[in-house]
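Engineer: curious how this folds, go ahead:
(one chain, ligands or ions: 2)
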Amino acid sequence: MRVVCCSNSSLAVTATLPSFPCLGPRFLPRIAIPISIPSSAIRFLPLRSTASPRQITTMASKNAQDQQDSRLESISSAIRVIPDFPKPGIMFQDITTLLLDTKAFKDTIDLFVERYRDKNISVVAGIEARGFIFGPPIALAIGAKFVPMRKPNKLPGEVISEEYSLEYGTDKMEMHVGAVQPGDRALIIDDLIATGGTLGAAIKLLERVGVHVVECACVIELPELKVQP
Ligand SMILES: O=P(O)(O)OC[C@H]1O[C@H](OP(=O)(O)OP(=O)(O)O)[C@H](O)[C@@H]1O
Ligand SMILES: Nc1ncnc2[nH]cnc12
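Structural biologist: Residues are numbered from 1 along each chain as shown. Ligands and ions are numbered 1, 2, ... in the order given. As a prediction, the model looks like this:
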């Protein structure tokens with residue numbers, strides 16, 4: 001399972017999410033964060049992280065295919081970090097400022113589109129709430145349908161659901177029955193990966209109905225929060 005993000009240094013990062021069993025091969029895009037999760041690939045794009053540049057550089061150095069993309073720095077700079085929100089000790093990565101910067105926002109979408117336009121993706125699954133911002137323009141650009149992965153009791157039709165662990169407690173993710181078909185090839189989009197629990201639930205949900213998760217992609221990675229083996 002692979003996860004790809006872009007960093008402010010535009011360096012690729014490699015990480016493992018051990019709480020999930022296994023994964024597939026790991027090839028690295030230019031800014032990539034391979035993460036172990038159950039049987040599919042996850043990829044993320046731009047990365048804004050609370051990790052120090054040194055941490056990122058160290059991880060990035062594992063990726064021989066890493067290349068610089070001049071767009072990454074401006075994307076990263078457009079993301080605001082709010083300390084102590086929503087509670088003390090949290091460095092909140094605020095993507096609303098990225099949305100105000102039309103060039104940086106477009107560059108973000110373009111980076112994903114460039115990566116996925118030729119991957120035969122049939123469905124982009126966006127995770128509530130911020131995956132609903134980045135997912136639809138990517139889906140439109142690559143000619144895929146968009147499927148919302150929602151918090152519980154929000155979808156009006158019949159749903160299938162998957163429970164997952166959070167830092168404190170559990171949550172549930174739901175998807176409409178019939179939104180995807182066995183054999184669909186999915187890209188999962190969210191704004192941020194921290195522990196990977198949310199993306200892991202999305203992958204399980206899609207795989208349960210026979211979808212092949214090609215990759216997951218996020219704008220931001222918080223590598224210091226990833227679950228250790
Ligand atoms: O990797 P994880 O530890 O699972 O965390 C990542 C998730 O946390 C945030 O969503 P949040 O649950 O805050 O919901 P929101 O987007 O609706 O605010 C973020 O948008 C991801 O979906
Ligand atoms: N630090 C953070 N900033 C924004 N969203 C988050 N979701 C989990 N951790 C987060």
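Engineer: hmm, L187 is touching V211, no?
Structural biologist: No - with contacts defined as C-beta atoms under 8 Å, L187 does not count as touching V211, sitting 10.6 Å away. All C-beta spots, glycine's among them, are computed from the backbone N, C-alpha and C.
Engineer: sticking with the closest residue to ligand 2 within the chain, tell me its helix or strand.
Structural biologist: Among the residues of the chain, Q93 lies closest to ligand 2, at 3.8 Å counting by C-beta to the nearest ligand atom. If you go by DSSP states H and E, Q93 is part of strand 91-94.
Engineer: returning to that earlier point: which residues do L187 and V211 both contact?
Structural biologist: Jointly contacting L187 and V211 under the rule C-beta atoms under 8 Å, 6 or more residues apart in numbering are V123.
Engineer: and the residue of the chain closest to ligand 2, what are its bridge partners?
Structural biologist: Beta bridges link Q93 to V81, judged by DSSP bridges.
Engineer: just give me the neighbour total for it.
Structural biologist: 22 (other C-beta atoms under 10 Å).
Engineer: surely it touches A194?
Structural biologist: No - contact status for Q93 versus A194: not in contact, 9.3 Å apart, counting by C-beta under 8 Å.
Engineer: spit out the residues that contact those two alike.
Structural biologist: L222.
Engineer: in the protein, which helix is the longest?
Structural biologist: helix 102-116 (DSSP state H).
Engineer: mind showing which ranges of this protein have poor pLDDT?
Structural biologist: 1-68, 225-229 (pLDDT under 70).
Engineer: change it to 50
Structural biologist: For the chain, residues meeting the criterion pLDDT under 50 lie at 7-66.
Engineer: near ligand 1, which residues of it? Just list them.
Structural biologist: 127-130, 190-198 (C-beta under 6 Å from any ligand atom).
Engineer: strands of this structure, start to end?
Structural biologist: 2-4, 33-34, 80-83, 91-94, 123-127, 145-149, 159-165, 170-176, 185-193, 212-221 (DSSP state E).
Engineer: for R117, which of these is the nearest?
Structural biologist: strand 185-193 (10.7 Å; C-beta to C-beta).
Engineer: pull up the pairing partners for the closest one, direction included.
Structural biologist: strand 123-127 (parallel), strand 212-221 (parallel).
Engineer: reformat those strands as a markdown table; add distance to K106 and mean neighbour count.
Structural biologist: As requested, the strands paired with strand 185-193 are arranged in a markdown table below (distance: least, C-beta to C-beta, whole Å; neighbours: other C-beta atoms under 10 Å):
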| stretch | distance to K106 | mean neighbour count |
| --- | --- | --- |
| strand 123-127 | 17 | 25 |
| strand 212-221 | 13 | 28 |
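Engineer: export these to CSV and tack on distance to L99?
Structural biologist: CSV is the format used below for the strands paired with strand 185-193 (distance: least, C-beta to C-beta, whole Å):
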stretch, distance to L99
strand 123-127, 15
strand 212-221, 11
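Engineer: among those strands, which is nearest V177?
Structural biologist: Closest to V177 of these is strand 123-127 (C-beta to C-beta; 14.3 Å).
Engineer: show me which residues of this protein sit near ligand 2.
Structural biologist: So far as C-beta under 6 Å from any ligand atom goes, the chain lies against ligand 2 at I90, M91, F92, Q93, L192, A194, L222.
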